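Asker: generate a structure from the sequence data that follows.
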Amino acid sequence: MMKAEECWADSDDEPATKRLRCTDPDLKIVLEYSTREESVWVEMKKEYHMYSHVLAGLSNFIDTSLSVDMKEKKRKEIVFKDVTPEIFEMALKYQQDLGAVRFMEAKDAAKLIKFYDKYEFTGGIKLCDDVLSDYFQNNIQNLDLQKPPEDLDLLVRAAALAYRFDLTNSKDAGIQYLKTRMHFTISPFGLSMFSEDHIKRLQPMFVEGVFRQVHCALDALSAKEVAPLSFPKYFISLASDVTCGQTCRFVELSGTGTYADGTYSLTFDGNFKRQRKDDWDGEPCDFFIERGIITGENWGIVAWNRDEPAKVIWKCPHTATLELPPEGPWFPVSEEVDETMEPKLLHLGGRAGKGSSAP
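Answerer: Presented below is the predicted three-dimensional model:
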């Protein structure tokens, strides 16, 4: 780089301050970090000489440090602790190279968001938010509940970071993706696919009730139950119990004398659906045995004509904690139900009943 004096001589007496290439860097950035060498942690330091006005335009932290009467302003030196050269150089690259921004990936955003947030790189924070939001939206659009995600570790880490740093767009998208997966209780692609390490990352979200109304087993947990260090291990046990409950893939309903009788198969959300469309009250409809949005906490038998709201026909009280619908007793809810009808439920395990319409 040319010295300022040299540039002055070649510029027809134009002040060097008017030409960036004619000025010397006026700010020293010092990185202090640790690296592991042969099983020993070694304290490291690296210096960069940069232009103060360029970095001040990127970072509110640097701008403030150089604007008020602080030691950084007097010494023209700013120290970034626990920041490696890899992170620092990558962070600046995505702020100064517009071409590089197009190739930024979710894994890069996950690496940089902590640095951008701590040192108030507002443009970098927004960039990470946009990249992670696109990442989650793409995973939501291409969600296949019959297949595991390609990189669950990154998905969980990115969702936890988006929540921790309150990223406007990606936070909600990450929560939506995780809720969909956790609602899916058939192993190994839903609730049971998360590891203890995953739950440790997500634990603050559990504490704040983010995953309420995802699954009744999670709804039953209090804030005190999800706060301890032992919660991740407990969650894995709980998910295993829920998944084991879903080994029953078919149930047989009888005793109603209506089209509701027949074989129901397990759906992705842990409920059961009749395998064919039949009539209820003269209208074609689907039949479900479910516990959730329509019936509330308890198990119920539901008829749904797509042109009208779903109708609960029978319910079984005090069954909110059961992973499988009970054999009975079932109590009528609809006025159209004859009191002589006595619904009975049989768990068929993993195979459909003889003569059923289940595939």
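Asker: can I take it that Met44 is in a strand?
Answerer: Yes. The assignment for Met44 by DSSP: H, G, I helix; E, B strand; the rest coil puts it in a strand.
Asker: got a list of what it touches?
Answerer: The neighbours of Met44, taking CB atoms under 8 Å, 6 or more residues apart in numbering as the test, are 31-35. Any C-beta I mention is one placed from the backbone N, CA and C, and that applies to glycine too.
Asker: how about 6 Å then?
Answerer: The contact partners of Met44, taken as CB atoms under 6 Å, 6 or more residues apart in numbering, are 33, 35.
Asker: relative to Gln146, how far out is the closest residue to Thr122 other than its chain neighbours?
Answerer: Counting by CB to CB, 6 or more residues apart in numbering, the nearest residue to Thr122 once its immediate chain neighbours are dropped is Asn60, at 6.4 Å. To Gln146, Asn60 is 46 Å away according to CB to CB, to the nearest Å.
Asker: then Ile87?
Answerer: 38 Å.
Asker: contacts for the helix or strand harbouring Ala239, please.
Answerer: Applying DSSP states H and E as the criterion places Ala239 in helix 231-245. The contact list for helix 231-245, computed with CB under 6 Å, 6+ apart, reads 185, 187, 191-192, 196, 199-200, 217, 323-324.
Asker: so which of those belong to helices?
Answerer: Among the contacts of helix 231-245, the members found in helices (DSSP state H) are 196, 199-200, 217.
Asker: CSV for those, including neighbour count?
Answerer: Shown next, in CSV, are the ones in helices among the contacts of helix 231-245 (neighbours: other CB atoms under 10 Å):
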residue, neighbour count
Glu196, 12
Ile199, 20
Lys200, 16
Ala217, 19
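Asker: in the chain, which segments are predicted with low confidence?
Answerer: Flagging of the chain using pLDDT under 70 yields the residue ranges 1-22, 70-74, 185-188, 243-247, 275-283, 349-359.
Asker: show me the residue sitting in the middle of it in space.
Answerer: Gly174 (3.3 Å; CA atoms, centre = their mean).
Asker: just the element for the nearest residue in space to that residue that is not next to it in sequence, please.
Answerer: For Gly174, ignoring the flanking residues on the chain, the nearest one in space by CB to CB, 6+ apart is Ala159 at 3.3 Å. In this structure, Ala159 sits in helix 152-164 according to DSSP H and E.
Asker: helix or strand next in line after that helix, which one?
Answerer: helix 168-183.
Asker: any buried residues in the strand or helix carrying Tyr116, and which?
Answerer: Tyr116 belongs to helix 106-118 when assigned by DSSP H and E. By neighbour count with 16 or more other CB atoms under 10 Å, helix 106-118 contains the buried residues 106, 108-117.
Asker: what about Trp299, neighbour count?
Answerer: Residues lying near Trp299 (other CB atoms under 10 Å) number 25.
Asker: A strand includes it, no?
Answerer: Yes. Counting by three-state DSSP, Trp299 is found in a strand.
Asker: run through who's touching stretch 307-315.
Answerer: By CB under 6 Å, 6+ apart, stretch 307-315 touches 294-295, 298, 300-304, 330-334, 337, 343.
Asker: what's the end-to-end length of it?
Answerer: Stretch 307-315 has an end-to-end distance of 23 Å (CA to CA, to the nearest Å).
Asker: give the buried residues for that stretch.
Answerer: 310-315.
Asker: list phi and psi for Val312.
Answerer: phi -80, psi 130 (degrees, to the nearest 10).
Asker: repeat that for the one 3 residues further on.
Answerer: Main-chain dihedrals, Lys315, degrees, to the nearest 10: phi -140, psi 150.
Asker: without its sequence neighbours, what residue ends up closest to it?
Answerer: Lys315's closest residue in space is Gly300 (CB to CB, 6+ apart), at 4.2 Å.
Asker: tell me how far the longest helix along the chain lies from the chain's centre.
Answerer: The residue-count maximum for a helix in the chain (DSSP H) belongs to helix 122-141. Here helix 122-141 is found 12 Å from its chain centre; the criterion is CA atoms, centre = their mean, to the nearest Å.
Asker: so what touches that helix?
Answerer: 95, 104, 106, 109, 113, 116-117, 158, 162, 167-170, 173-174, 177.
Asker: tell me which of the buried residues of helix 106-118 is nearest to Glu47?
Answerer: Phe115 (17.5 Å; CB to CB).
Asker: my read is that the closest one contacts Ala91, right?
Answerer: Yes. The pair Phe115 / Ala91 is scored as a contact, 5.3 Å apart, by CB atoms under 6 Å.
Asker: how many other residues sit next to Asp166?
Answerer: 11.
Asker: roughly how far apart are it and Glu208?
Answerer: 12 Å.
Asker: just Leu229 next, same as before
Answerer: Taking CB to CB, one finds Leu229 at 17 Å from Glu208.
Asker: compare those two (neighbour count), which wins?
Answerer: Glu208 (12 against 8).
Asker: could you confirm Glu225 falls within a helix?
Answerer: Yes. Going by three-state DSSP, the assignment for Glu225 places it inside a helix.
Asker: which residue comes closest to it once chain neighbours are left out?
Answerer: Nearest non-adjacent residue to Glu225 (CB to CB, 6+ apart): Phe231, at 7.1 Å.
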